[in-house]
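Engineer: Here is my input, please return the structure:
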Amino acid sequence: PIQSEKRSEIENNEIVSNNKESEPLYYESVLIKDRYFLDEPIRVSFEMNKDFTSFEPPLFKDFEVLYGPSRSISSTDLEDQRDYIKSYSYILKARSRGTRVIESASFTYDNEVYTTEPRVITITEEIGPEEEVIEIEEVEVEEVEEDISIPFEVIEDVPVFPGCEGANDKKACFQEQMQKHIRKHFRYPEIAQEMGIQGRVNVMFVIQKDGSIGGIRMRGPDKNLEAEALRIINLLPNITPGRLRGRPVKVPFSIPITFRL
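Structural biologist: Here you go, the predicted model:
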């Protein structure tokens, strides 16, 4: 059956071909969106599907780097050693409003240098078209100071996925359980298989202060792949919320789900 064949190829929340050496070279900078508030953390990932020998990050002239080293790194330094895509993530904060540019990064692979395209984003203090839908009932005067978001990578006490309560490294356990959840619930959409549609869906959601999942956003090459990613995330269990100085806070989290035929 088609379904069982696709499930057998799931590795670390990706669908990969059995012959990775034949895969075409892939390198890219990945953002979940292109419009941010001035105080909103910005996550950008730089990815390549080969074992590159070095990586040169951007200068980030328009941003403060909250997470991620500014030095050059090799593939052995990567925190995210996935089986197919090698990636490195940064959490940024814009220094001012306006149109800002995340400069190119470069990978060295097989003695050749490959440079990602620069990414242009808009920084605003005003509510734009993508941010108009908000949860009004959460806007209360006495809650203003507590209603903040802290990125998963830098949160003081990370959210705890069910089953990770006794883990020494709760962050790594969270990532592992997320991947297991995706593998367990993944179903390649039949219509996408029939049409030969594949690609990456970048998913971002917020672990709320009560441990529920909200603010789900997706960006992918096809609405059927996006719908499957949404279905998987909607099946997540309630999670123990992240904490800052002992108080629960909202924690944005992002993960790619890649569909490959």
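Engineer: tell me which element the nearest residue to residue 96 once chain neighbours are set aside is part of?
Structural biologist: Excluding the flanking residues, the one nearest residue 96 by CB to CB, 6 or more residues apart in numbering is residue 123, at 7.0 Å. Bear in mind the C-beta positions are built from the backbone N, C-alpha and C, glycine included. Mapping residue 123 onto the secondary structure by DSSP states H and E places it in strand 119-124.
Engineer: what's near enough to touch the residue nearest to residue 96?
Structural biologist: Going by CB atoms under 8 Å, 6 or more residues apart in numbering, residue 123 touches 36, 37, 38, 94, 96, 97, 98, 99, 100.
Engineer: which other helices and strands contact the helix or strand following the strand holding residue 123?
Structural biologist: Scanning forward in sequence from strand 119-124 by DSSP H and E, the next helix or strand is helix 170-185. The contact analysis (3 or more CB pairs under 8 Å, 6 or more residues apart in numbering; DSSP states H and E) places helix 170-185 against helix 223-234, strand 251-259.
Engineer: Now the element after the longest one, going C-ward?
Structural biologist: What it means is helix 223-234. Toward the C-terminal end, the helix or strand that comes next after helix 223-234 (DSSP H and E) is strand 242-244.
Engineer: Run the chain-centre distance for that following strand.
Structural biologist: Offset of strand 242-244 from its chain centre (CA atoms, centre = their mean, to the nearest Å): 19 Å.
Engineer: Strand partners (parallel or antiparallel) of the helix or strand that it is followed by?
Structural biologist: Next helix or strand after strand 242-244 toward the C-terminus (DSSP H and E): strand 247-249. Strand 247-249 sits in its sheet next to strand 242-244 (antiparallel), going by DSSP bridges.
Engineer: and the residue nearest to residue 199 when sequence neighbours are not counted, how many neighbours?
Structural biologist: Nearest residue to residue 199, sequence neighbours excluded (CB to CB, 6+ apart): residue 221, at 3.7 Å. Residues within reach of residue 221, counting by other CB atoms under 10 Å, total 14.
Engineer: So for residue 221, what's the pLDDT?
Structural biologist: At residue 221, the pLDDT value in this model is 89.
Engineer: who are the neighbours in contact with it?
Structural biologist: With contacts defined as CB under 8 Å, 6+ apart, residue 221 is in contact with 197, 198, 199, 200, 201.
Engineer: Next, count neighbours for the first one.
Structural biologist: Yep, that's residue 197 we're talking about. 18.
Engineer: how far away is the closest residue to it other than its chain neighbours from residue 175?
Structural biologist: Among residues not flanking residue 197 along the chain, residue 222 sits closest, at 4.8 Å (CB to CB, 6+ apart). For residue 222, the distance to residue 175 equals 26 Å [CB to CB, to the nearest Å].
Engineer: For those two, indicate the residue with more neighbours.
Structural biologist: Neighbours around residue 222 and residue 175, counted as other CB under 10 Å, are more numerous at residue 175. The numbers are 21 against 17.
Engineer: how far away is the more buried one from residue 159?
Structural biologist: Going from residue 175 to residue 159 by CB to CB gives 11 Å.
Engineer: Ok, residue 34 next?
Structural biologist: On the measure of CB to CB, residue 34 and residue 159 end up 26 Å apart.
Engineer: Between those two, tell me which one has more neighbours.
Structural biologist: Just comparing residue 34 and residue 159: by other CB under 10 Å the higher neighbour count belongs to residue 159, 23 against 11.
Engineer: got a list of what that one touches?
Structural biologist: Applying CB under 8 Å, 6+ apart, the residues contacting residue 159 are 152, 174, 207, 211, 239, 240, 241, 242, 251, 253.
Engineer: Buried only: go through the residues you listed for me.
Structural biologist: Buried members of the contacts of residue 159, scored by 16 or more other CB atoms under 10 Å, are 152, 174, 207, 211, 239, 240, 241, 242, 251, 253.
Engineer: Closest to residue 192 out of those?
Structural biologist: residue 253 (24.8 Å; CB to CB).
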